[in-house]
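> Build me a structure from this.
(chains A and B, ligands or ions: 1)
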Amino acid sequence: MGKTIFEKIWDAHVVATEKGGIEVLYIDRHFIHEVTSPQAFSELEKRGLPLFRPEQTVATADHNVPTWNQHLPIPDPLSRKQVNTLEENCRKFGVTHYGLGHPHQGIVHVIGPELGITQPGMTIVCGDSHTSTHGAFGTVAFGIGTSQVAMVMASQCLLLNRPKKMRITVNGQTGPGVFPKDVILYIISKLGTGGGTGHFVEYAGDVFRNMSMEGRMTVCNMSIEMGARGGLIAPDQTTFDYIKGRKFAPSGEAFDQAVAYWKTLPSDEDAVFDTEYHFDAADIEPMITYGTNPGMGIKITGRIPQLDEVSSKENFRKSLEYMGLQPGMSLLGKKIDHVFIGSCTNSRIEDLRLVARIVKGRRKAANVQAMIVPGSRQVADQAREEGIDQVLREAGFQMREAGCSACLGMNEDKIPPGEYCVSTSNRNFEGRQGPGARTFLVSPLLAAVIALEGRIVDARTYAELADVL
Amino acid sequence: MEKFTTLQSTAVPLLIENVDTDQIIPARFLKATSREGFGENLFCDWRYDSNGQARPDFVLNNPLYSGKILIAGRNFGSGSSREHAAWAIYDYGFRVVVSSFFADIFKGNALNTGLLPIEISESFLQQLLSAVHANPKTLFRVDLENQELAVPDRGLSETFEIHPYKKMCLLNGYDDIDYLISLKDRILAFEEQKPA
Ligand code: SF4
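This next block holds a predicted model:
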């Protein structure tokens, strides 16, 4: 029997198999950030242990950093302490640290790929659930808790139960205005937030093959929103072309050798999955969420379900009450207060380019505050070089500096209670963007058009957008 | 990690499904650099209103319910990988969380924190909830060795699954770091033979 790509990578990293089938998995790359690492460093200190493989560890500050004036000391004392603690710990333990002001700083899942640190066939972990993003390169990448961060620091290994294998195949051609974000929101709306639990997902089929690496990252990023441990896409020429020439990617002969290995990774024809789903690309339309988990999504032209159409009635009622919405209503025409374009889901240069194309020469609606937070310093620098930041500023968008920002509302970028935010991020949980904040998740295309209109609209109805749809 | 063997306690019923980690401990409280003190902000936005006043309708503010066991609706702990969620529940005083379905990362984090996640059938969950509603003083008994959760007064019980390794760790208060360090030679040998 053949193997799936997941099995090939996993098997190549098993150091030992213990009683009861628990496996010791070797980790190639460990990304750390300021929020989930301090207690792990303390654990090492408490036990008098060194960090086992500092050269396989990379740190950056992203979750808790301001997106204004990053050259100044952080005003919030707790945030400042956390960010400084990371810097000190990295110095003490010999870890490369891309802190504030460093040209490589940014959201951890944006910088790994753009620096070429993320490569096919690797095992990658980080104390952050959206580590699944790196799966876009054909890696086994997943989020871990702080105790596990300490384990990897101490031994470069984790004790794990092997997840089950799921394959989600989407074949065919998506229609106009359908972006990778819509594809993954659609899948999550079908499977629900627990649908992937216990599984590692492989995305297969035309739709993913035809996606850019940025699009694949958007998809893999949200694997966790259906409960999956991670998601990946087999590497191909698109992957190799993206990696080639990046700072930490192999070069010359080493690159060719690496590619030869990467080409052996895709799942064998006769590989078997525990669970399979098939979707038809033609059924996917631009999506928006209406509730308080990412599985509560509908087509932009759709209606919120009626109470009798849902299974968790109590939850549904509570969600709609929080959102200030009614069963059965359409979201089209709904006035909104904020647009947030950012997060490890959609803050890469491709996303910013798309937004700039749409808003060029136009102006955001007066009732909307629109904020763009690039995923990394490199994205910000590139946007400046391409004149994108100028276009966005002229359209009335605030251009911020790199970080997680209003994706999780840990710094001061919060949406005020009761206000509506259309967001390109990945979570619409209660209070995620600030206490009482109400979030609609969408693609960057919809976010840009909604920022111009000040209300929820279907981008496909605008003739002047024909060339971006 | 503290040992866990058996526990007898009343329980707190949380009748909400899909409780995510942003609800358990909102991100704005993740700025600490130590593990302690998160219990204060457990379920903060459900527990307190915007003026910091306790919301009387939230179960943690209801004096009828107390205990070391939290019984919650299905799909508990989805969302972020923050172990702070498990720490907050533990720090508040819970030692067991019961649900009919847990998110993977939360389950792992709980086990690494010394908080026992017990996954039971949906029907048993409903029985437990009606027991605690009928009488908030109902005692629940958790026996890790025998992997059993029981309500002795009502003659109810169900066994639960737990990985034998994790069970051994909890029963003895061991953690994975000690174990992984003991494998150092094998890890070095693995690195030797691993292609670049
Ligand atoms: S951008 Fe949001 S989802 Fe991504 S790592 Fe930061 S907080 Fe997490």
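
> could you point out the longest helix in chain B?
For chain B, the helix with the greatest residue count under DSSP state H is helix B:122-134.

> Next, see if that one gets close to chain A.
No - judged by Cβ under 8 Å from any Cβ of the partner chain, helix B:122-134 makes no contact with chain A; its nearest approach is 11.7 Å. C-beta: built from backbone N, CA, C; applies to glycine.

> what packs against that helix?
Based on contacts counted as 3 or more Cβ pairs under 8 Å, 6 or more residues apart in numbering or on different chains; DSSP states H and E, the elements that helix B:122-134 packs against are strand B:11-14, strand B:69-72, strand B:96-99, strand B:148-151, strand B:156-159.

> Look up how far the ligand lies from the residue nearest the centre of chain B.
Relative to the mean C-alpha position of chain B, the nearest C-alpha, by Cα atoms, centre = their mean, is the one of B:V97, at 3.8 Å. Using Cβ to the nearest ligand atom, to the nearest Å, one obtains 24 Å as the distance from B:V97 to the ligand.

> I'd assumed B:L116 was in contact with that residue.
Yes - using Cβ atoms under 8 Å, B:V97 is in contact with B:L116, at 7.5 Å.

> Can you check which residues contact both of those two?
When contacts are counted by Cβ atoms under 8 Å, 6 or more residues apart in numbering or on different chains, B:V97 and B:L116 have B:A110 as shared neighbours.

> Run a quick neighbour tally on the nearest residue to A:I117 once chain neighbours are set aside.
The shortest distance from A:I117 to any residue that is not its chain neighbour, by Cβ to Cβ, 6 or more residues apart in numbering or on different chains, is 4.9 Å, and that residue is A:F248. Around A:F248 sit 14 other residues, with neighbours defined as other Cβ atoms under 10 Å in any protein chain shown.

> Report the contact partners of A:F248.
When contacts are taken as Cβ under 8 Å, 6+ apart, A:F248 is in contact with A:L115, A:G116, A:I117.

> after the longest helix of chain B, next one along is what?
Proceeding N to C from helix B:122-134, the next assigned helix or strand is strand B:140-143, under DSSP states H and E.

> what's next to that following strand, contact-wise?
Applying Cβ under 8 Å, 6+ apart, the set of residues contacting strand B:140-143 is B:6-11, B:67, B:69, B:96, B:116, B:118, B:128, B:148-152.

> May I see the buried residues of that strand?
For strand B:140-143, burial by neighbour count (16 or more other Cβ atoms under 10 Å in any protein chain shown) applies to B:F140, B:R141, B:V142.

> Just checking: what are the partner strands of that strand?
Here strand B:140-143 is paired, per DSSP bridges, with strand B:6-9 (antiparallel), strand B:148-151 (antiparallel).

> Please identify the deepest-packed of those strands.
Ranked by mean neighbour count under mean count of other Cβ atoms under 10 Å in any protein chain shown, the strands paired with strand B:140-143 are led by strand B:148-151, which reaches a mean of 19.

> For that one, give the mean pLDDT please.
Confidence over strand B:148-151 (mean pLDDT, whole number) is 98.

> what number of residues lie near A:R353?
Neighbour count of A:R353, defined by other Cβ under 10 Å: 17.

> again, but for A:G177
For A:G177, using other Cβ under 10 Å, the count is 21.

> surely it meets A:K299?
No - judged on Cβ under 8 Å, A:G177 makes no contact with A:K299 at a distance of 10.9 Å.

> joint contacts of those two?
A:E285, A:P286.

> Just to be sure, A:V125 is in a helix?
No - assignment of A:V125 by DSSP: H, G, I helix; E, B strand; the rest coil gives strand, placing it outside any helix.

> Skip the chain neighbours and tell me the closest residue to A:L307.
The spatially closest residue to A:L307, leaving aside those adjacent along the chain, is A:P327, at 5.2 Å (Cβ to Cβ, 6+ apart).

> can you check A:K190 too?
With Cβ to Cβ, 6+ apart as the criterion, A:K190 has its nearest non-adjacent residue at 7.2 Å, and that residue is A:F279.

> got it, and A:S330?
If the residues on either side of it in the chain are set aside, A:S330 comes closest to A:R303, at 5.2 Å by Cβ to Cβ, 6+ apart.

> Next one: the one you found from the ligand, what distance?
From A:R303 across to the ligand, the span is 29 Å (Cβ to the nearest ligand atom).

> what sits against that residue?
Contacts were defined as Cβ under 8 Å, 6+ apart; by that measure A:R303 touches A:G328, A:M329, A:S330.

> Strands - which of the contacts of A:F248 land there?
Using DSSP state E, no member of those sits in strands.

> can those residues go into JSON lines with extra columns for pLDDT?
What follows is those, written out as JSON lines (pLDDT from 0 to 100):
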{"residue": "A:L115", "pLDDT": "98"}
{"residue": "A:G116", "pLDDT": "98"}
{"residue": "A:I117", "pLDDT": "98"}
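
> ranges for the strands of the stretch 101-250 of chain A?
The residue ranges that make up the strands of the stretch 101-250 of chain A, judged by DSSP state E, counting those that start in this stretch, are A:123-126, A:140-143, A:157-160, A:164-171, A:199-204, A:230-232.

> Save those strands as CSV, and put in distance to B:F43 and mean pLDDT too.
Formatted as CSV, these follow (distance: least, Cβ to Cβ, whole Å; pLDDT from 0 to 100):
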stretch, distance to B:F43, mean pLDDT
strand A:123-126, 26, 98
strand A:140-143, 22, 98
strand A:157-160, 29, 96
strand A:164-171, 31, 98
strand A:199-204, 29, 98
strand A:230-232, 28, 98
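
> closest to A:I243 among the contacts of A:F248?
Of all the contacts of A:F248, the one sitting nearest A:I243 is A:G116; the distance, using Cβ to Cβ, is 5.6 Å.

> Please name the nearest non-neighbouring residue to the closest one.
A:R246 (2.8 Å).

> What of A:I22?
Nearest to A:I22 is B:Y165, by Cβ to Cβ, 6+ apart, at 4.9 Å.

> neighbours around the nearest residue to B:E148 once chain neighbours are set aside, how many?
Nearest-residue entry for B:E148: B:T159, 5.2 Å, with adjacent residues in sequence omitted and distances by Cβ to Cβ, 6+ apart. The criterion is other Cβ under 10 Å. On that basis, B:T159 has 13 neighbouring residues.

> helices and strands around the helix or strand hosting A:A40, which ones?
When secondary structure is defined by DSSP H and E, A:A40 falls within helix A:38-47. The helices and strands touching helix A:38-47, judged by 3+ Cβ pairs under 8 Å, 6+ apart, are helix A:77-93, helix A:146-155.

> for chain B, which spans come out with low pLDDT?
Scanning chain B for pLDDT under 70 picks out the ranges B:196.

> which residues of chain B fall in helices?
Ranges of helices in chain B, per DSSP H, are B:21-24, B:44-47, B:84-92, B:104-113, B:122-134, B:164-172, B:176-182, B:184-193.

> ok, now which ones touch A:R427?
With contacts defined as Cβ under 8 Å, 6+ apart, the neighbours of A:R427 are A:E225, A:P294, A:C407, A:L408, A:T439, A:L441, B:D20, B:D22, B:G79, B:S80.

> And the residues you listed, which is closest to the ligand?
Within the contacts of A:R427, distances to the ligand taken as Cβ to the nearest ligand atom reach their minimum at A:C407, with 3.2 Å.

> if I read this right, the closest one contacts A:M371, doesn't it?
No - shown here, A:C407 and A:M371 do not form a contact pair, counting by Cβ under 8 Å, at 11.1 Å.

> now B:I16: how far from the ligand?
Distance, B:I16 to the ligand, by Cβ to the nearest ligand atom: 23 Å.

> The closest residue to that residue other than its chain neighbours: neighbour count?
Nearest residue to B:I16 in three dimensions, chain neighbours excluded: B:G73, at 5.1 Å (Cβ to Cβ, 6+ apart). Burial measure for B:G73: 21 neighbouring residues, criterion other Cβ under 10 Å.

> so what's B:G73 up against?
If you count contacts by Cβ under 8 Å, 6+ apart, B:G73 has them with A:N315, B:L14, B:L15, B:I16, B:E17, B:N18, B:V19, B:S99, B:S100, B:L125.
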